[in-house]
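>>> Task: produce atomic coordinates for the following.
(one chain, ligands or ions: 3)
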Amino acid sequence: MSVAVQNASHIPFGFPAQVPPRLDATDHVQRCLAQLRSKSQGLEKYIFLNGLKERDPELFYKILITNMMEIIPILYTPTVGDACTNYSHIWRRPEGLYVSIEHKGRIREVLRSWPATSTPRIAVVTDGSRILGLGDLGANGLPISIGKLDLYIAGAGIKPSTTIPVCLDVGTNTQRYLEDPLYIGVRQTRPKAAEMDAFMEEFMSAMAEVFPELIVQFEDFSTDNAFKYLDMFRNRYSCFNDDIQGTGAVVLSGFINAAKLASAASGLPLTEHKILFLGAGSSGIGVAKQLLSFFTSMGMTVEEAKNKIYTVDSKGLVTADREGLQEHKKFFARTDYQGPPLKKLADIVEYVKPTALLGLSTLRNAFTEDVVKLMASINKRPIIFPLSNPVSLSEVDFEDAVKWTNGSVIFASGSPYKPVEYGGKLYEAGQGNNMYQFPGIGLGAILSKAKHVSDAMVDKAAIALAESLNDEEKTNELVYPRLHRIREISGQVSLAVIRQAQAEGLDRNTEYRNLCDAELLKHIKDKMWEPSDTFRRGRL
Ligand SMILES: NC(=O)C1=CN([C@@H]2O[C@H](COP(=O)(O)OP(=O)(O)OC[C@H]3O[C@@H](n4cnc5c(N)ncnc54)[C@H](O)[C@@H]3O)[C@@H](O)[C@H]2O)C=CC1
Ligand SMILES: CC(=O)C(=O)O
Ligand SMILES: [Mg+2]
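Ligands and ions are numbered 1, 2, ... in the order given. Alright, predicted model coming up:
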C-alpha cells in the first residue's frame with residue numbers, strides 16, 4: 001500500500017501527518033467499533049461518535065448503518081437526551097445552524113451563510129423548548145435535530161449534505177442554563193408569543209426563499225407552539241410536526257398490530273377497543289387524532305370514534321366541564337362523565353376499562369403495579385405502550401410490565417428495551433418511536449416535491465408501516481418491524497406518501513405518476529444514499 005501524506009490542519013506546527021503503512025479500511029471499522037465499545041458511559045460514546053463523524057463521515061455512516069441496534073440508542077433516544085442536557089459542556093465544534101432571536105430582521109442573511117454543498121432538502125428545526133421529556137433546554141437542543149437527521153440518513157438514505165440541523169436560539173426559561181457560565185445560547189428568557197410568532201414568520205419565509213426545495217420538520221416545540229406553528233405553516237410551506245404527526249402515525253400503526261393480537265385473544269372486534277392516554281400534550285393529542293382518523297376510515301362517525309378515546313393530564317381525566325381547559329385538550333374532553341374529578345390513574349382505568357393504555361406523560365413509573373395488574377385483569381392481552389422518552393421517563397419498564405401481566409402484555413416503548421426472559425420465554429419490546437415514520441414521510445415528500453404534507457399522506461404512512469411486518473415478525477408477535485429493516489420500511493412508507501401526494505395533486509414532481517409500484521419502489525431504493533466503502537482510501 002502506498003503511503004500518502006495528509007496535510008491535516010490540526011497537526012501542531014504545520015507538520016504533515018502520515019497514515020501508518022498497514023492501515024486497512026476493513027480493520028479500521030473494527031478498530032473504531034472497539035474504541036467505541038471500550039467506553040462505559042453513553043455520553044462518552046456519543047462524544048466519540050461525534051468526533052468520528054467529523055474526522056471521517058463516510059466511515060461514521062457506514063458504522064451506523066451496519067450497527068443500527070447498537071448505535072441508534074447513542075445518537076438518538078436515550079443518550080441524545082444526555083447529550084442535549086449537557087451540550088454546552090460537551091460542545092466541540094459547529095455542527096448545525098443556529099438562528100438566534102438576535103438575528104431578527106436578517107434571518108435570510110444567516111441562512112445564506114449555511115455552507116451548502118448540495119441543494120438542501122430536509123431541515124429538522126427545534127426551538128429547544130421541550131426536548132424529549134426533558135423540558136426547556138434552550139440552545140442545548142441542537143443534538144436532537146442532528147440525531148433525527150442521522151436517522152434520515154441511515155434510515156431513509158437521505159444524502160448527508162442535503163440535511164440541515166437547526167436550533168432556534170430564542171432564549172430559555174430554565175434558570176440553571178441562564179446561570180451556567182458555559183451556556184452557549186442567548187442568555188435571556190423566551191420571548192412573548194407575539195415576538196416569537198413574528199420570528200417564526202420571518203424564519204419560515206426566509207427558509208422557503210433561501211432553500212426552495214426544503215421540507216421542514218418541526219421537532220420538540222413546547223405544546224402550544226407545536227400546534228400553533230403546524231397550523232400556521234402547514235398549508236403555506238412543505239412542513240410537518242414530528243411529535244404530533246410522526247408520533248400519531250407510528251403509534252397508530254403499532255396500535256393496529258397490537259389490537260389484532262389482542263382481538264385474536266379476546267374475540268373483541270377492532271372497533272370495540274377503548275384507548276386511554278396518560279398525557280394530553282402535543283404527542284398525546286396527535287396520536288388521539290390519528291386514531292380518530294383511522295376509526296372514521298373504518299366507517300365510524302366522528303362522535304363514535306371520539307367516544308373510544310379518553311385523555312388524562314396532570315389533573316386527571318380530561319372532562320369538558322373543567323375550567324380553563326387548554327384549547328388542544330377540548331376536542332377529546334369527555335362530556336359523559338358525571339361525578340367528582342377522577343384523578344388517580346387506577347381509578348380512571350377502573351372507570352374506563354380500556355383495552356389500550358398509552359403513556360405520553362413524561363411521568364416515570366406512572367403505570368404502577370396496581371394499574372398494570374388492573375389492565376391485565378380487564379384484558380386477556382392488555383396493550384400497554386409507555387412512550388415517553390428518554391427511557392428514564394418511561395411510564396413502566398418492560399421487565400415489570402411482563403412480570404405484572406404474567407407475560408400477557410403487548411408492549412411498545414418510546415425508547416429501546418432489551419429482551420426480557422420470563423417463565424422460560426424470551427419477550428421482545430417494540431419501539432413505538434416516530435423514527436419509523438419521519439424518515440419515510442420526509443423521503444416521500446422530498447422525492448415527490450410535495451407542496452404540503454397532508455393528513456392523508458400521514459394516514460397512508462401509518463398504514464404502510466402497520467402492513468410492513470414480515471412473517472417472522474408476525475410469528476414473534478412484534479408490533480413494529482425489526483430496526484435493521486428500517487431502510488426497507490422507509491422505502492414502503494415513502495411509496496405510500498408519494499402515491500397519496502399524487503392522489504391529492506400535491507406532487508410537484510409528476511414524473512412518478514406513470515410508474516407502477518414495483519418500479520417506483522425500485523426508484524426510491526436506487527435514490528438512497530450509501531456511504532462509500534473506500535473510507536478515505538484515497539488517502540490511505
Ligand atoms: N415515542 C415517541 O415517538 C414520542 C414520544 N414522545 C414523548 O412523549 C412525552 C410527552 O411529549 P409531549 O406530548 O410533546 O409533551 P407535552 O408537554 O406536550 O405533554 C405532556 C402531557 O403529560 C401530562 N402530564 C404531565 N405530568 C403528568 C402527570 N403527573 N400525570 C398525568 N399527566 C401528566 C401533561 O399534562 C401533558 O398533557 C415526552 O417524554 C416525549 O419524549 C413525544 C413524541 C414522540
Ligand atoms: C421521539 C420524539 O420525537 C420525542 O420524544 O420527542
Ligand atoms: Mg420529538
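>>> Mind listing residues that contact stretch 523-535?
The contact list for stretch 523-535, computed with CB atoms under 8 Å, 6 or more residues apart in numbering, reads 25, 28-29, 56-59, 61-62, 65, 153, 156-160, 443, 447, 487, 491, 494-495, 498, 512, 515. The way it works is simple: take the backbone N, C-alpha and C, and place the C-beta from them, glycine included.
>>> mind running it again at 6 Å?
For stretch 523-535, the surrounding residues in contact (CB atoms under 6 Å, 6 or more residues apart in numbering) are 25, 58, 59, 61, 62, 157, 159, 491, 494.
>>> Mind giving me the ChimeraX select for the residues you listed, buried ones only?
Selection of buried members from the contacts of stretch 523-535 for ChimeraX, criterion 16 or more other CB atoms under 10 Å:
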select :58,59,61,62,157,159,491,494
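>>> Narrow the contacts of stretch 523-535 to those in helices?
Among these, the members found in helices (DSSP state H) are 25, 58, 59, 61, 62, 491, 494.
>>> ok, for the fourth one, nearest residue in space, not its chain neighbours?
So that's residue 61. residue 531 (4.2 Å; CB to CB, 6 or more residues apart in numbering).
>>> how close does that neighbour get to ligand 2?
As judged by CB to the nearest ligand atom, to the nearest Å, residue 531 and ligand 2 stand 25 Å apart.
>>> Shouldn't that residue be within a strand?
No: looking at residue 531 with DSSP: H, G, I helix; E, B strand; the rest coil, it is coil, so not inside a strand.
>>> Counting neighbours, what do you get for residue 295?
23 (other CB atoms under 10 Å).
>>> Leaving out the residues flanking it, which one is nearest to the residue nearest to the spatial centre of the chain?
Nearest to the geometric centre of the chain sits residue 434, at 3.8 Å (CA atoms, centre = their mean). Excluding the flanking residues, the one nearest residue 434 by CB to CB, 6+ apart is residue 246, at 3.5 Å.
>>> Of the contacts of stretch 523-535, which ones also sit close to ligand 3?
Applying CB under 5 Å from the ion to the contacts of stretch 523-535, one finds that nothing falls near ligand 3.
>>> of the contacts of stretch 523-535, closest to ligand 2?
Ligand 2 lies nearest to residue 494 out of the contacts of stretch 523-535, by CB to the nearest ligand atom, at 19.2 Å.
>>> so how far is ligand 3 from the residue of the chain found nearest ligand 2?
The nearest approach of the chain to ligand 2 comes at residue 389, 3.7 Å away (CB to the nearest ligand atom). To ligand 3, residue 389 is 8 Å away according to CB to the ion, to the nearest Å.
>>> That residue against residue 77, yeah?
Yes: between residue 389 and residue 77 a contact is recorded at 4.5 Å, counting by CB atoms under 6 Å.
>>> anything in contact with each of those two?
residue 415.
>>> Let's verify the closest residue to residue 178 other than its chain neighbours: helix, strand, or coil?
Computed as CB to CB, 6+ apart, the closest residue to residue 178 that is not its neighbour in sequence is residue 187, at 5.8 Å. The three-state label given to residue 187 by three-state DSSP is coil.
>>> can you check residue 212 too?
On the three-state scheme (three-state DSSP), residue 212 is labelled coil.
>>> now the contacts of stretch 523-535 in CSV, with pLDDT?
Formatted as CSV, the contacts of stretch 523-535 follow (pLDDT from 0 to 100):
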residue, pLDDT
25, 79
58, 93
59, 94
61, 97
62, 95
157, 98
159, 97
491, 98
494, 98
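>>> In JSON lines: the contacts of stretch 523-535, plus distance to ligand 2.
Converted to JSON lines, the contacts of stretch 523-535 look like this (distance: CB to the nearest ligand atom, whole Å):
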{"residue": "25", "distance to ligand 2": "34"}
{"residue": "58", "distance to ligand 2": "27"}
{"residue": "59", "distance to ligand 2": "27"}
{"residue": "61", "distance to ligand 2": "21"}
{"residue": "62", "distance to ligand 2": "25"}
{"residue": "157", "distance to ligand 2": "21"}
{"residue": "159", "distance to ligand 2": "23"}
{"residue": "491", "distance to ligand 2": "21"}
{"residue": "494", "distance to ligand 2": "19"}
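>>> The contacts of stretch 523-535: which two are farthest apart?
For those, the farthest-apart pair by CB to CB is 25 and 494; their separation is 30.8 Å.
>>> How many residues are close by residue 507?
Based on other CB under 10 Å, the number of other residues close to residue 507 is 23.
>>> does it really touch residue 501, like I thought?
Yes: taking contacts as CB under 6 Å, residue 507 lies within contact range of residue 501: 4.4 Å.
>>> The residue in the stretch 351-500 of the chain positioned nearest to ligand 1: neighbour count?
Closest contact between the stretch 351-500 of the chain and ligand 1, by CB to the nearest ligand atom, is at residue 414 (3.0 Å). Counted with other CB under 10 Å, the neighbours of residue 414 add up to 29.
>>> Please report the distance of the closest residue to residue 86 other than its chain neighbours from residue 51.
Leaving out its chain neighbours, the residue that sits closest to residue 86 by CB to CB, 6+ apart is residue 43, at 6.7 Å. Separation of residue 43 from residue 51 (CB to CB, to the nearest Å): 13 Å.
>>> more crowded one of these two?
Higher neighbour count among residue 43 and residue 51: residue 43, with 18 against 14, using other CB under 10 Å.
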